[in-house]
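Q: pasted the sequence and its predicted model underneath.
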Amino acid sequence: MQRIGVFICWCGSNIAATVDVKKVAETIKAEPGVVYSENYQYMCSENGQQLIKNAIKEHNLTAIVVGACSPRMHEATFRKAAEAAGLNPYMVEIANIREHCSWIHKDMDEATEKAVVLVRTAIAKVKLNAPLMSGESPVVKRALVIGGGIAGIQAALDIADAGFEVDIVEKNATIGGRMAQLDKTFPTLDCSACILTPKMVDCAQHEKIDILSYSEVEEVKGFVGNFNVKIRRKARYVDETKCTGCKICMEKCPSKKGLNDFNMGLNTRPAIYIPFAQAIPNVAVIDPEQCIKMKTGKCGICQKFCGVGAIDYTQKDEFIDRQYGAIVVATGFKPIALDNFNEYGYADNKDVITSLELERLMNAAGPSDGVLVRPSDGKHPKVITFIQCVGSRDTSGCGKPYCSKICCMYTAKHAMLIREKYPDTEVHVFYIDVRTPGKNYDEFYRRAAEQYGVDYIKGMVGKVYNVNGKLMVQGSNLIDNEQITIESDLVVLATAIEPEPSVRKIATLLTASIDTNNFLTESHAKLRPVESPTAGVYLAGVCQGPKDIPETVSQASACAAKVIGLLVKDKLKTNACVATPDEMMCNGCSQCANVCAYGAITYVEKEFRLGGGKTEVRRVVSVNPAVCQGCGACTVTCPSGAMDLKGFSSKQIMSEVEAICKM
Amino acid sequence: MQDVTTGNKEFKPNIVAFCCNWCSYAGADLAGSSRLTYPANVKIIRVPCSCRVNPMFVLKAFQQGADGVILCGCHPGDCHYVTGNYYTRRRMALLFSFLNYMGIEKERTRVEWVSAAEGAKFSAVMNDFVKTVTELGENKRLTDLRVKEGK
Ligand SMILES: Cc1cc2nc3c(=O)[nH]c(=O)nc-3n(C[C@H](O)[C@H](O)[C@H](O)COP(=O)(O)OP(=O)(O)OC[C@H]3O[C@@H](n4cnc5c(N)ncnc54)[C@H](O)[C@@H]3O)c2cc1C
Ligand code: SF4
Ligand code: SF4
């Protein structure tokens, strides 16, 4: 039998003015199990807490109820006080007689009566409380960053600068991501490579950062503080430790017809290649689909010319296992495929290009050395028409329902750069709305429209068709209410962006949720925007939602701050109020794992004694207390009633219901 | 409270409200600190998430003499535990129609989304719920009469 102490607080006059606190304390004395009942002006004060501590010791209390303000205010305070007096902190319950009683009721009798009921309800619960312990789990002081775009790079640098080891796993041969492909960047128009490549070099030189390029995450086990990750190091057929990046192999390779994906397929590259001049690591990789030696056994030219003997055609994928305390997902995006948008003639006309292709065409290191030319005939285009929202804000099902967010700004950038470099060029932009919120962003767009003479046309494009090498862009001008056709030399499609498809696999491996558009979901849209619902997993960059570089970098740094906050801890205190299964009742049906948003539930084969010396092996549930957040979803889902929640057990709540119904 | 003309005791329904810790319980706290009144016969039980409410708890409340039961949780999409309130919504839709079939009118049961910022909504919802249940009168279905007599 519990020895319960009850402490009724006046909260000055906040409670005492409407609730007869002395009467409550007096009435409660008669409750079975209550051995001590007291009232005091301010229970949360030093003196009030001392009163509680003394009573716990003097009366050997095993549980206490404090009738006071909301538990959201002072539950922690009273738990601490109880702990200081030698009581388990979870043997404390709060009856909220201020916010839920004295402050909202005017009639003293009514409020007093309700206060008694609320205190009785808390007593009914506390009678069934059991001492709880939060577990501890160690923290591996190393972080994994998946994706080496600007998001991953920034997160890795910030974490490493705080003194923790970081691995960047990048699926491509180099880090850098999409930003490495861009020419200039809005809103300041500084050159993308000039601001990105120094950061890439910083990563390579940082003693705490290990870049695992051309690698992918294969398997993730464990939980916050303690992830075990299997990483596939894809065969590059070039020894990373030997290659000096001299590029002689690229010159000598006879198979030069592979599409250069870094240049969005606008030109070709050799079978052995380094994606771009400033690649990190600056190490070649062989495309086995294109390599003559690997397909026919003949050739081997690169091996002959390589001065350091780095080429190894027999290399195999390797697997490494590493432990991490935290994981940052930064897998970025790709432009959508345009198969559903035949009206723009992208597949049929070389001179209809996407904005990312335009970035490459304008880039000094691109396929045309930065000279803006038509892909079809290499001539300088005189009339360029941009089409906005291609596949974005599309509810027809062909494209994406969301706004890709970056296109209005980059098109203003493209238009301005073109008008500046080639003032004889006419630039038109078809748009539905121009969306440019952000610091100095609207000013940037207005500069394009007002100072650079870019012709912004509000209206949609119905069709793009080719007449004798001229691209006819047919659309509506909603302001002048007319149909127009613009004879253009080059058409640029501001193509919607979507999460890099491999994010689905990553999300599954991490039990991190994704939304209907494949963007990773944050733990709370407003208050926990960089945490995934899976503890220890953080989100940075476009994998979480469309965003530009400044936003990506802010989010990455925020992620790093969260990761550092986790890694500085030696041990993690786990939530004490977690799901707790009764193995004898569980039949292993798996329904609970389906509703757990955190992946806290797994199943194990366990041996049970049947009596008479017999045993039986059954599949039963197992809850990881380090991962369980204590929502209780599983407890209600379990058809066998095998799952319960510590601190909010079914018995406790049933007993509260019973008490609260007695008016 | 005595009604002088008839001598009848004014009917005050017994209302149990399950509130999730993160949104609705905080919303109720805000109603309190904003001094937004609602009747004293609304009594709140704190649960971590609305999805912790087992249909058994609702049945138990009616059995113990509740005249109305209301569940409050975070708005859809805002659940502290990501998806908890979606389970609540579906479970309770089923339970409430079942209860209605058994004679506990569907107006006696309710699920409402109240955020931590919606103190005013909390009080408005409770006032409205009490009014609705008062009009329906006492709930006799499921109640354990021994409990009612002894109270
Ligand atoms: C045409 C165009 C122009 C733009 N212009 C500007 C501009 O001027 N200013 C501006 O601020 N923003 C601009 N942006 C936006 C900018 O490109 C993005 O904000 C930025 O690149 C986002 O960085 P990220 O790291 O999130 O993604 P990414 O750059 O996509 O990087 C993701 C990285 O993760 C890797 N990865 C993906 N999946 C995996 C996996 N499963 N395992 C391992 N690695 C993986 C990828 O290979 C890549 O290296 C532009 C975008 C486009 C399309
Ligand atoms: S209480 Fe919630 S978080 Fe914990 S195991 Fe059950 S469903 Fe998962
Ligand atoms: S739902 Fe219940 S019975 Fe099924 S696996 Fe989970 S705990 Fe076991």
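A: Ah, there it is. Ligands and ions are numbered 1, 2, ... in the order given.
Q: for the most centrally placed residue in chain A, which non-adjacent residue is closest in space?
A: Nearest to the mean C-alpha position of chain A, by C-alpha atoms, centre = their mean, lies residue A:539 at 2.5 Å. Excluding the flanking residues, the one nearest residue A:539 by C-beta to C-beta, 6 or more residues apart in numbering or on different chains is residue A:520, at 5.1 Å. For every residue, glycine as well, the C-beta is placed using N, CA and C.
Q: which residues touch the one you found?
A: A:329, A:499, A:503, A:507, A:512-514, A:532, A:539, A:543-544 (C-beta atoms under 8 Å, 6 or more residues apart in numbering or on different chains).
Q: okay, these in a markdown table with secondary structure next?
A: Listed next are those as a markdown table, based on DSSP: H, G, I helix; E, B strand; the rest coil:
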| residue | secondary structure |
| --- | --- |
| A:329 | strand |
| A:499 | strand |
| A:503 | helix |
| A:507 | helix |
| A:512 | coil |
| A:513 | coil |
| A:514 | strand |
| A:532 | coil |
| A:539 | strand |
| A:543 | helix |
| A:544 | coil |
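Q: returning to what we had before: contacts only, for the residue nearest to the centre of chain A.
A: For residue A:539, the contact set (C-beta under 8 Å, 6+ apart) comprises A:328-330, A:512, A:520, A:522, A:530-532, A:555, A:559.
Q: tell me, how many residues neighbour residue B:134?
A: Residue B:134: 18 surrounding residues under other C-beta atoms under 10 Å in any protein chain shown.
Q: what mean pLDDT does the helix or strand where it lies get?
A: In the assignment (DSSP states H and E), residue B:134 maps to helix B:119-136. Helix B:119-136 shows a mean pLDDT of 96 in the predicted model.
Q: can I get that helix as PDB, trimmed to CA atoms?
A: C-alpha atoms of helix B:119-136 as PDB (Å, rounded to 0.1, in the frame of the first residue of the first chain):
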ATOM      1  CA  GLY B 119      -6.900  28.900 -25.600                       C
ATOM      2  CA  ALA B 120      -9.900  30.700 -27.000                       C
ATOM      3  CA  LYS B 121     -10.800  27.700 -29.100                       C
ATOM      4  CA  PHE B 122     -10.400  25.300 -26.200                       C
ATOM      5  CA  SER B 123     -12.800  27.300 -24.100                       C
ATOM      6  CA  ALA B 124     -15.300  27.800 -27.000                       C
ATOM      7  CA  VAL B 125     -15.200  24.100 -27.800                       C
ATOM      8  CA  MET B 126     -15.900  23.100 -24.200                       C
ATOM      9  CA  ASN B 127     -18.700  25.600 -23.800                       C
ATOM     10  CA  ASP B 128     -20.300  24.300 -26.900                       C
ATOM     11  CA  PHE B 129     -19.800  20.700 -26.000                       C
ATOM     12  CA  VAL B 130     -21.300  21.200 -22.500                       C
ATOM     13  CA  LYS B 131     -24.300  23.000 -24.100                       C
ATOM     14  CA  THR B 132     -24.900  20.200 -26.600                       C
ATOM     15  CA  VAL B 133     -24.600  17.500 -23.900                       C
ATOM     16  CA  THR B 134     -26.800  19.500 -21.500                       C
ATOM     17  CA  GLU B 135     -29.500  19.500 -24.200                       C
ATOM     18  CA  LEU B 136     -29.300  15.800 -24.600                       C
END
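Q: and that helix, what does it pack onto?
A: Applying 3 or more C-beta pairs under 8 Å, 6 or more residues apart in numbering or on different chains; DSSP states H and E, one finds that helix B:119-136 contacts strand B:15-20, helix B:24-33, strand B:42-47, strand B:68-73.
Q: the inter-axis angle of the longest one versus strand B:42-47?
A: The one in question is helix B:24-33. Orientation check (axes from the mean of the first three to the mean of the last three C-alpha atoms, to 10 degrees): helix B:24-33 against strand B:42-47 gives 140 degrees.
Q: can you put the contacts of residue A:539 in JSON lines and add secondary structure?
A: Formatted as JSON lines, the contacts of residue A:539 follow (three-state DSSP):
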{"residue": "A:328", "secondary structure": "strand"}
{"residue": "A:329", "secondary structure": "strand"}
{"residue": "A:330", "secondary structure": "coil"}
{"residue": "A:512", "secondary structure": "coil"}
{"residue": "A:520", "secondary structure": "strand"}
{"residue": "A:522", "secondary structure": "coil"}
{"residue": "A:530", "secondary structure": "coil"}
{"residue": "A:531", "secondary structure": "strand"}
{"residue": "A:532", "secondary structure": "coil"}
{"residue": "A:555", "secondary structure": "helix"}
{"residue": "A:559", "secondary structure": "helix"}
